[in-house]
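> just a sequence and a predicted model for now, questions to come.
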Amino acid sequence: MRHSTQILLGLSLGLVSGLLVAASAELSALGLETYISPLGSLWVNAIRMTVIPLLIALLVTAIAGNESGAGVLKLGARTLAFIVSMIALSSSFAFLFAAPFVMSLSVDPSASSALLELTGSGLDEKTLLPPFSDWLISLVPANPIAAAATGDILPLMIFTGLFAVALLQVNADKRQAVTDLFSAIKDAMFILIRWIMTLAPYGIFALVFPIAATLGTQVITALASFLFITCSLIVLLALSLYGFVWWLGINPIHFARTLIPVQIIGFSTRSSLAALPATVNATTTLGVPEKTSGLVLPIAVSLFKFASPLARTAGTYFVAMLYGIDLEAQQLVVIALSIGLLSFYSPGIPSGGLLIMTPVYVSLGLPVAGIGILIAIDLVVDMFITAANVTANAALALFAASHENRAVVPVTS
């Protein structure tokens, strides 16, 4: 049985079992959710313990450790500006549209309160955002180790990035020794994550069961509504790419037809890397020289996660709604910007973008257990994310080629 099928089975069993408990006064009286909920928390904590070392290792090896990191540094300013601007577009789209739609969903307040009691999470006075001046000063950590310990992800990433750039000025043999160490840490973290993810069906069952037992049929409606809203918004965001390629002088209909095989591969495999050969073929058909696509597309696969900020931000808003946490406008913006930044460091594994969001949840006092719920339903969302991402990768290749004055032939028919 495929692992994704096992996860869906764990989700289904958790929902059905929880609904049965919610419908039975006798079973509800047993308080089964109080015994099962800690098992889900254990699984989530196992994921959390890998996040900081993985992010540090990914960033160091990307900048200083291999050819792809060098390629990122040498990439033209226009292409980098495109990547940053499109991630900003995705984050802004999430704030403008996902926030009102997702936060308009509702569950019974008493049920949400019960969920918070089970998880022991929620916003309080300790999670209020600091003044801007304090936040700006904190971006340069006085103690990077303390930043890692407290989950202050942005200051930690700034230090790690500066450290990795400094490594480029170190003797090659010494630099290689350091990057080999971080490469080994990265590989070990991926192995550890694979071990943890083998327990995903059980962890997700333990997370979903108490929610279903507490919310009853409300959870089914909430999950279905979230999936519809998020997938619809991803499609709308992806459509903006067709307007962009039209602006570049490419017929959007021809672009759409050429990208269909790439999108199908991305949709079915949930992997931009698996769709990379098809993406290269498609961009060649669209007039992108192989020299350009050979540089841009591998970087895009590892760095450019166009639709992830939208989907992951919508998921975070959904978790807040599910647990009855009211987010202020400033917190909605911080969530969108933080997840947009973290999208650059998403590991190339299924649901990798969800695994690295724990620092955002911890810093804002959101229930980290909610990430497990998002993983359980991520199969469908991730299909749409990947299809949008491979489309954005092709658009990025067209953009890079057009600004390097290479032979991109505008297609008008």
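Alright, I've got the coordinates.

> show me what the host helix or strand of L237 is packed up against.
Taking DSSP states H and E as the criterion, the element that holds L237 is helix 218-247. In this structure, helix 218-247 makes packing contacts with helix 3-23, helix 77-93, helix 99-103, helix 200-215, helix 252-269, helix 308-322, helix 378-403, judged by 3 or more Cβ pairs under 8 Å, 6 or more residues apart in numbering; DSSP states H and E. Yep, even glycine has a C-beta here, placed from its N, CA and C like the rest.

> switch the cut-off to 6 Å
If you count contacts as 3 or more Cβ pairs under 6 Å, 6 or more residues apart in numbering; DSSP states H and E, helix 218-247 packs onto helix 252-269, helix 308-322, helix 378-403.

> what angle do whichever strand or helix holds N45 and helix 3-23 make?
When secondary structure is defined using DSSP H and E, the element that contains N45 is helix 32-60. Computed by axes from the mean of the first three to the mean of the last three Cα atoms, to 10 degrees, the angle separating helix 32-60 from helix 3-23 equals 150 degrees.

> with only the CA atoms kept, save stretch 248-268 in CSV.
Backbone C-alpha positions of stretch 248-268 (Å, rounded to 0.1, in the frame of the first residue of the first chain) are rendered in CSV as follows:
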residue,chain,number,x,y,z
LEU,A,248,6.5,38.5,-22.7
GLY,A,249,5.2,38.0,-26.2
ILE,A,250,4.2,34.3,-25.9
ASN,A,251,0.8,33.2,-27.0
PRO,A,252,-0.8,32.0,-23.7
ILE,A,253,-2.9,29.4,-25.5
HIS,A,254,0.3,27.9,-27.0
PHE,A,255,1.9,28.1,-23.6
ALA,A,256,-1.0,26.3,-22.0
ARG,A,257,-1.0,23.5,-24.6
THR,A,258,2.8,23.1,-24.3
LEU,A,259,2.7,22.9,-20.5
ILE,A,260,-0.1,20.3,-20.2
PRO,A,261,2.2,17.3,-20.1
VAL,A,262,4.4,19.0,-17.5
GLN,A,263,1.4,19.9,-15.4
ILE,A,264,0.1,16.4,-15.5
ILE,A,265,3.4,15.0,-14.4
GLY,A,266,3.7,17.5,-11.6
PHE,A,267,0.0,17.0,-10.5
SER,A,268,0.4,13.2,-10.4
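
> helix 252-269 and the helix holding L237, what's the angle between them?
140 degrees.

> let's number from 42 now, not from 1
Done: numbering now begins at 42, and the last item shifts to helix 259-288.

> of the helices and strands packed on helix 259-288, flag the one that's most buried.
Relative to the other members of the helices and strands packed on helix 259-288, helix 349-363 carries the highest mean neighbour count by mean count of other Cβ atoms under 10 Å, namely a mean of 28.

> residues contacting the very next helix or strand once past that helix, please?
Moving toward the C-terminus from helix 349-363, the next helix or strand (DSSP H and E) is helix 370-383. Applying Cβ atoms under 6 Å, 6 or more residues apart in numbering, the external contacts of helix 370-383 come out as I128, S132, A135, F136, A140, L170, P350, R353, T354, T357, I397, V401.

> please apply the same query to stretch 181-188.
With contacts defined as Cβ under 6 Å, 6+ apart, stretch 181-188 is touched by P196, L197, F200.

> out of those, which sit inside strands?
Where the contacts of stretch 181-188 are compared with strands, as defined by DSSP state E, there is no overlap at all.

> out of those residues, which is nearest to S266?
The shortest separation between S266 and any of the contacts of stretch 181-188 is 35.3 Å, and it belongs to L197 (by Cβ to Cβ).

> mind saving the C-alpha coords of stretch 350-367 as PDB?
Backbone C-alpha positions of stretch 350-367 (Å, rounded to 0.1, in the frame of the first residue of the first chain) are rendered in PDB as follows:
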ATOM      1  CA  PRO A 350       3.200  30.500   0.300                       C
ATOM      2  CA  LEU A 351      -0.500  30.800  -0.700                       C
ATOM      3  CA  ALA A 352      -1.400  27.200   0.200                       C
ATOM      4  CA  ARG A 353       0.600  27.100   3.400                       C
ATOM      5  CA  THR A 354      -0.600  30.500   4.600                       C
ATOM      6  CA  ALA A 355      -4.200  29.500   3.900                       C
ATOM      7  CA  GLY A 356      -3.500  26.300   5.900                       C
ATOM      8  CA  THR A 357      -2.200  28.400   8.800                       C
ATOM      9  CA  TYR A 358      -5.300  30.600   8.800                       C
ATOM     10  CA  PHE A 359      -7.400  27.500   8.700                       C
ATOM     11  CA  VAL A 360      -5.700  26.000  11.800                       C
ATOM     12  CA  ALA A 361      -6.300  29.300  13.600                       C
ATOM     13  CA  MET A 362     -10.000  29.200  12.600                       C
ATOM     14  CA  LEU A 363     -10.300  25.500  13.600                       C
ATOM     15  CA  TYR A 364      -8.900  26.200  17.100                       C
ATOM     16  CA  GLY A 365     -11.000  29.400  17.500                       C
ATOM     17  CA  ILE A 366      -8.000  31.700  17.500                       C
ATOM     18  CA  ASP A 367      -8.700  35.300  16.300                       C
END
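
> give me the contacts around it.
128, 131-132, 134-135, 139-140, 143-144, 146, 150, 153, 156-157, 164, 267, 271, 278, 368, 376-377, 380-381, 384, 394, 408, 411, 415, 422, 426.

> just the buried ones from the residues you listed?
If you count burial by 16 or more other Cβ atoms under 10 Å, the buried members of the contacts of stretch 350-367 come out as 128, 131-132, 134-135, 139-140, 143, 146, 153, 156, 164, 267, 271, 278, 368, 376-377, 380-381, 384, 394, 408, 411, 415, 422, 426.
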